[in-house]
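> Need the 3D shape of this:
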Amino acid sequence: MKKTYSYLTSTIIGLLILFVLAGCTSLKNLPGYIAGTYVSQPEEGTEGRYTETFNSSYANCYQDTKTALSQMGASIRHESKKDHVILAWFFNKIYDNCIDTTKVSIYFEEVNPEKTKVGVACGNYGLAKFASEELFKRLKS
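Numbering: from 1, shown residues only. Below you'll find the predicted structure:
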């Protein structure tokens, strides 16, 4: 029995080392990657990342985003008010070119007490564009 645990532990450690060395993730992002809450963010100003600023406080914008995601049929996978981020998935119900586990990262930056910059990012550029357009449209109304 002890031999089995030893083999299993060494196999898991070996796979994690290969995973990191292969460039799939960095040690900093490994816990989030394992938990399924890490999404690699495209660079600012590139495809796959869209931002818009709204005349709304951070708290209101955050709550309105959660409401909009629910209306869109997406589910929240992870949220953190402290880190100013929401991770959503299940966009496959409203967008054909993705699978249910494709995650969209929505992040918030408080510009001032009455303005909030909202960003939407996803490795699936088409989904990022679609989700940002749908979300921003709902946040404006």
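
> Can you give me the distance of the spatially most central residue of the chain to Leu69?
Nearest to the geometric centre of the chain sits Ser105, at 2.5 Å (CA atoms, centre = their mean). Distance, Ser105 to Leu69, by CB to CB, to the nearest Å: 12 Å. In this view, the C-beta of every residue, glycine as well, is placed from N, C-alpha and C.

> Indicate each strand paired with the host helix or strand of the residue nearest to the centre of the chain and its parallel or antiparallel sense.
Ser105 belongs to strand 104-112 when assigned by DSSP states H and E. Next to strand 104-112 in the sheet, as set by DSSP bridges, lie strand 85-89 (antiparallel), strand 115-121 (antiparallel).

> one step back: need the pLDDT of the residue nearest to the centre of the chain.
pLDDT for Ser105: 91.

> Which SSE is immediately downstream of the helix or strand of the chain with the lowest mean pLDDT?
Scoring the helices and strands of the chain by mean pLDDT, DSSP states H and E places helix 30-35 at the bottom, with a mean of 59. Where DSSP H and E defines the elements, the next helix or strand beyond helix 30-35 is strand 49-54.

> now the angle between strand 85-89 and the next helix or strand after that following strand, please.
Sequence order places helix 58-72 as the next helix or strand after strand 49-54, per DSSP H and E. Inter-element angle recorded for helix 58-72 and strand 85-89: 0 degrees (by axes from the mean of the first three to the mean of the last three CA atoms, to 10 degrees).

> Okay then, goodbye and thanks.
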